[in-house]
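S.K.: for reference, the sequence and a predicted model appear below.
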Amino acid sequence: MSEIQRQVLNKVPEVTAAFWVIKILSTTVGETGADYLAVNVGLGAAVTTTLTAGLLAAVLALQVRERRYKPWTYWSTVVLVSVVGTQVTDILTDKLGVSLFVSTGVFAAALAAVFALWYATERTLSIHAIVTRRREAFYWLAILLTFALGTAAGDLATEALGLGFNLGVVIFGTILAALALAWRLGANPVTTFWLAYIVTRPLGASLGDLLSQAREYGGLGFGTASTSLVFFAVIVALVTSLSLVSGRPGEPAGQRRA
C-alpha cells in the first residue's frame, strides 16, 4: 500500500463506542435541526435543503481534500448528511406526496445498487479498506442513502404504521442491540456495520421526536431548539475529545474484517 493510500485510509475513524454515540446524536440533530430551520425559523423545506446541501458540498469537498482523518471535518460532514437526508425524504413525503412505502423501497433499492456496484468494482464493502478516492466516493454515497433510507423507514414505522415515538425508540434500540450481539457472536462485521448504520438513523430520529415534539403529539415537549442545542453540545464535546487524542486512527484490537 502506497503512502497516499495510507493517508486516505486515515480519514476513516475507528468503529468504537464513541463512533456510535456520535452517530446517533448526529441523526437526532439532523432530525430536530432540520425541523427547527424549516419550521421554527421559517425557512421552509426547499430553502433549508438548498442551504444545507450547499454547506454539505463545501464540507464534503474539504473532507475529500484532507490528507488524513480529521474528526471535525468528518463529523461535520456526517451531521450535514443527516440534515440533507432528512430534508430529501421530508420533501418527497410532505411536498411531493410520495408514499413512505414507495420512498423506503426506492431508497433501499438505491442503496443495494450502490453496494452491488461498490462490491463489483472493489471486491469489498469494508470501511477499513477505504484506501482510494473511488472507495471514498462509494462510502459517502452509501452514507447519504442510509440516512435517507433510515428517515423514510423510521417515518414509515412511527407515523404511517402508527408505532409512535416511544415504541419507535424501543423497537429500533432493540434491533441495534440485536445487531451488536450478532456481531459479538461472529456475524459478518461488514453486514452488521451497515445494518446498524441504517438502524441508528430511525433510532436517533425517534429519540429526537420523542424529546422535541409537544406532549399532545406523544413527545416530551422540550422543543427542537433545546434538543438540537443539547445534542450538538455533546457532539462538540465528544469530537473535541477525539481531536485531542494522539495517534493514528486504525482498526481496534479484535476488530474482525470481512
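M.R.: Perfect, thanks for sending it. Keep in mind that what you see is a predicted model, and the values were worked out from it rather than measured. Residues are numbered from 1 along each chain as shown.
S.K.: quick one: low-confidence parts of the stretch 151-258 of the chain?
M.R.: For the stretch 151-258 of the chain, the stretches with pLDDT under 70 are 246-258.
S.K.: what segments of it are helices?
M.R.: Here the stretch 151-258 of the chain has its helices, by DSSP state H, counting those that start in this stretch, at 164-184, 189-212, 224-244.
S.K.: most packed of the ones you listed?
M.R.: Burial of the helices of the stretch 151-258 of the chain is given as mean neighbour count (mean count of other Cβ atoms under 10 Å); helix 189-212 ranks first at a mean of 23. Any C-beta I mention is one placed from the backbone N, CA and C, and that applies to glycine too.
S.K.: so which of the helices of the stretch 151-258 of the chain gets nearest residue 135?
M.R.: Proximity to residue 135, assessed across the helices of the stretch 151-258 of the chain by Cβ to Cβ, is greatest for helix 189-212 (13.1 Å).
S.K.: between helix 224-244 and the closest one, find me the angle.
M.R.: Interaxial angle of helix 189-212 relative to helix 224-244 (axes from the mean of the first three to the mean of the last three Cα atoms, to 10 degrees): 140 degrees.
S.K.: and helix 189-212, what does it pack against?
M.R.: helix 17-35, helix 71-90, helix 133-155, helix 164-184, helix 224-244 (3 or more Cβ pairs under 8 Å, 6 or more residues apart in numbering; DSSP states H and E).
S.K.: how about the CA coordinates for that helix, as CSV?
M.R.: Taking Å, rounded to 0.1, in the frame of the first residue of the first chain, the C-alpha atoms of helix 189-212 are listed here in CSV:
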residue,chain,number,x,y,z
PRO,A,189,-18.8,-7.4,10.6
VAL,A,190,-19.4,-5.5,7.3
THR,A,191,-23.0,-6.6,7.1
THR,A,192,-23.7,-5.8,10.8
PHE,A,193,-22.0,-2.4,10.5
TRP,A,194,-24.1,-1.2,7.6
LEU,A,195,-27.3,-2.6,9.0
ALA,A,196,-26.5,-0.8,12.3
TYR,A,197,-25.7,2.4,10.4
ILE,A,198,-29.1,2.3,8.8
VAL,A,199,-30.9,1.5,12.1
THR,A,200,-29.3,4.3,14.0
ARG,A,201,-31.0,6.8,11.7
PRO,A,202,-34.6,6.0,12.7
LEU,A,203,-33.4,5.4,16.3
GLY,A,204,-31.9,8.9,16.5
ALA,A,205,-34.9,10.4,14.7
SER,A,206,-37.4,8.7,17.0
LEU,A,207,-35.4,9.8,20.0
GLY,A,208,-35.3,13.4,18.7
ASP,A,209,-39.0,13.5,18.0
LEU,A,210,-39.7,12.0,21.4
LEU,A,211,-37.8,14.7,23.1
SER,A,212,-38.8,17.6,20.9
